[in-house]
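In: using only what follows, build the 3D model:
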Amino acid sequence: MDPVALKNSWALVAKAGDEVPLFFYSHLFLSHPEVREMFPVSMAAQRDKLVAALGAVVSNATQLDQVVPLLQQLGRDHRRFGAVTDHYSAVGASLLATLQHFLGAAWTSELAADWAEAYGLVATVMVQAAEESAEETPAWWSGEVLGVDRRTMDVTVVQIHPERPLDYRPGQSVAMEIPYRPRRWRYYSPANAPRPDGSFELHIGLVPGGQVSGPAVRSLKRGDPVRIGAPVGDSLKLPDTSGRDLVMIAGGTGLAPFRAMLEQLDRRSSANEVPRVHLFHGARMPWNLYEHKQLNNLTQRPWFSYTPVVSDDTSYPGHRGQVGAVAAAQAQWPGRTALVCGSPGMVRHTVAELTAAGVPETDIHTESLGIKTSAGSPQ
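Out: The predicted structure follows:
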């Protein structure tokens with residue numbers, strides 16, 4: 001394969017903008033109408049997600065070893081959409097047809113062979129991971145909503161009970177499909193350590209214009225059926241390194257995985273020494289600090305301290321500003337590990353503030369499921 005030719009050809013195709021996904025999906029649905037039901041009824045939110053991810057990943061297939069874990073997770077994730085080997089072939093054929101259409105005379109036999117080989121490598125990794133996963137876990141878990149607590153105007157806390165327990169670790173996330181938005185899966189982090197009955201709590205924040213968060217916050221009710229994907233994520237977790245204290249920095253409902261970790265540490269503290277933890281929770285307005293009372297109560301533990309931060313209320317008597325900037329200025333960093341969770345913009349800003357404050361990148365842990373979500377089949 002010629003890596004330069006792959007990247008350059010994809011860059012040329014991408015210049016066509018929205019016409020690329022329009023051609024791709026038209027070709028896919030006309031040639032394989034049976035796959036249409038795997039996608040949402042409305043394709044507005046899907047747009048170029050799948051084809052853009054395919055182009056980006058396949059055009060870098062010569063560096064496959066760097067993205068194998070991501071591709072394996074994508075393959076496992078695609079099981080919940082009902083993807084089988086034939087579907088990968090259908091998608092690959094439509095990708096090649098799209099490239100041919102937009103490259104025109106530049107679509108040579110050599111370039112066609114390079115793209116076919118690259119896609120074959122990527123698809124093989126994904127299919128093998130899916131097959132191995134199928135031997136151990138279901139494609140999804142059926143679950144039921146046990147309770148709904150509209151904590152603030154834009155945050156709902158939902159209790160879920162799966163048909164059988166999920167073996168998740170605090171800090172991991174699960175994809176969930178709600179009945180009001182079929183085939184649109186979104187990732188959420190359980191906000192509690194694993195319970196004996198298998199139930200778990202999700203913190204769902206209202207995202208402006210979000211096609212899933214709106215009905216999830218406003219409409220979910222006790223008894224609603226949901227589907228849950230397998231737990232994913234390896235980066236955001238309690239470090240194995242003993243003796244290192246922690247700083248947790250959360251924006252909005254990015255607090256959820258830290259609540260699970262704090263519960264896990266609290267369980268351990270009665271029998272073992274646990275690290276000191278300082279949590280910074282940022283919100284736009286004071287009423288968005290939806291766990292303020294519970295976190296204040298937890299400060300009675302000798303190992304835990306908590307700083308709420310508000311960005312948009314100039315009358316707020318406590319710390320004001322972006323939570324990442326406040327944490328970078330306030331925390332005592334030597335010998336501490338930083339865990340960061342929130343919106344992509346919040347995470348980027350916080351990491352930049354921490355590194356500017358001298359925190360080594362190796363001491364900053366984040367988790368991003370955005371690539372997995374966007375590259376996945378329809379949400």
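In: contact partners for A191?
Out: Residues near A191 by Cβ atoms under 8 Å, 6 or more residues apart in numbering: V157, F200, E201, L202, H203, L255, A256, P257, R259, A260. The way it works is simple: take the backbone N, C-alpha and C, and place the C-beta from them, glycine included.
In: with adjacent residues omitted, what lies nearest to the third one?
Out: Pointing back at E201 there. A191 (4.5 Å; Cβ to Cβ, 6 or more residues apart in numbering).
In: can I get the contacts of A191 in CSV with secondary structure and distance to V127?
Out: Below are the contacts of A191 laid out as CSV (DSSP: H, G, I helix; E, B strand; the rest coil; distance: Cβ to Cβ, whole Å):
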residue, secondary structure, distance to V127
V157, strand, 38
F200, strand, 30
E201, strand, 34
L202, strand, 30
H203, strand, 34
L255, helix, 37
A256, helix, 32
P257, helix, 30
R259, helix, 37
A260, helix, 32
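In: go ahead and build a PyMOL selection from the buried members of those residues.
Out: Burial among the contacts of A191 is assessed by 16 or more other Cβ atoms under 10 Å; the matching PyMOL selection reads:
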select buried, resi 157+200+201+202+203+255+256+257+259+260
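In: one step back: and the pLDDT at the residue nearest to E201?
Out: You'll see A191 listed with a pLDDT of 96.
In: V125 now?
Out: On the pLDDT scale, V125 gets 87.
In: for T137, same thing?
Out: At T137, pLDDT is 80.
In: partner strands of the helix or strand containing I160, parallel or antiparallel?
Out: If you go by DSSP states H and E, I160 is part of strand 155-162. Under the criterion DSSP bridges, strand 155-162 sits next to strand 141-152 (antiparallel), strand 200-205 (antiparallel) in its sheet.
In: pipe the ones you listed into a markdown table and attach mean pLDDT per row.
Out: Putting those into a markdown table (pLDDT from 0 to 100) gives the following:
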| stretch | mean pLDDT |
| --- | --- |
| strand 141-152 | 94 |
| strand 200-205 | 96 |
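In: which one of these lies nearest to Q264?
Out: Among these, strand 200-205 comes nearest to Q264, with 12.8 Å by Cβ to Cβ.
In: what comes into contact with the closest one?
Out: Residues contacting strand 200-205 (Cβ under 8 Å, 6+ apart): 154-160, 162, 166, 168, 176, 188-192, 194, 213, 216-217, 220, 252-253, 255-256, 259, 290.
In: so how far is W333 from T307?
Out: 14 Å (Cβ to Cβ, to the nearest Å).
In: for the stretch 51-200 of the chain, give me the ranges with low pLDDT.
Out: Under the criterion pLDDT under 70, the flagged ranges of the stretch 51-200 of the chain are 51-53, 56, 61.
In: how does it look with 80?
Out: 51-74, 76-84, 133-136, 138-139, 183 (pLDDT under 80).
In: quick check: the gap between the closest residue to F23 other than its chain neighbours and Q322.
Out: In space, and not counting its chain neighbours, F23 is closest to T98: 5.3 Å by Cβ to Cβ, 6+ apart. Taking Cβ to Cβ as the measure, T98 falls 41 Å from Q322.
In: compare these two (neighbour count), which wins?
Out: T98 (25 against 17; other Cβ atoms under 10 Å).
In: surely that one and V20 touch.
Out: Yes. Contact criterion Cβ atoms under 8 Å: T98 and V20 qualify, at 6.3 Å.
In: related to what we said a few turns ago, okay if I get the contacts of A191 as CSV plus distance to G282?
Out: Listed next are the contacts of A191 as CSV, based on distance: Cβ to Cβ, whole Å:
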residue, distance to G282
V157, 18
F200, 24
E201, 20
L202, 20
H203, 14
L255, 9
A256, 14
P257, 15
R259, 15
A260, 18
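In: who are the contact partners of the nearest residue to S219 once chain neighbours are set aside?
Out: Nearest non-adjacent residue to S219, counting by Cβ to Cβ, 6+ apart: Y180, 5.5 Å away. Under the criterion of Cβ under 8 Å, 6+ apart, the contact list for Y180 reads P215, A216, S219, L220.
In: closest one of the residues you listed to D312?
Out: Nearest to D312 among the contacts of Y180, with distances taken as Cβ to Cβ, is A216, at 23.6 Å.
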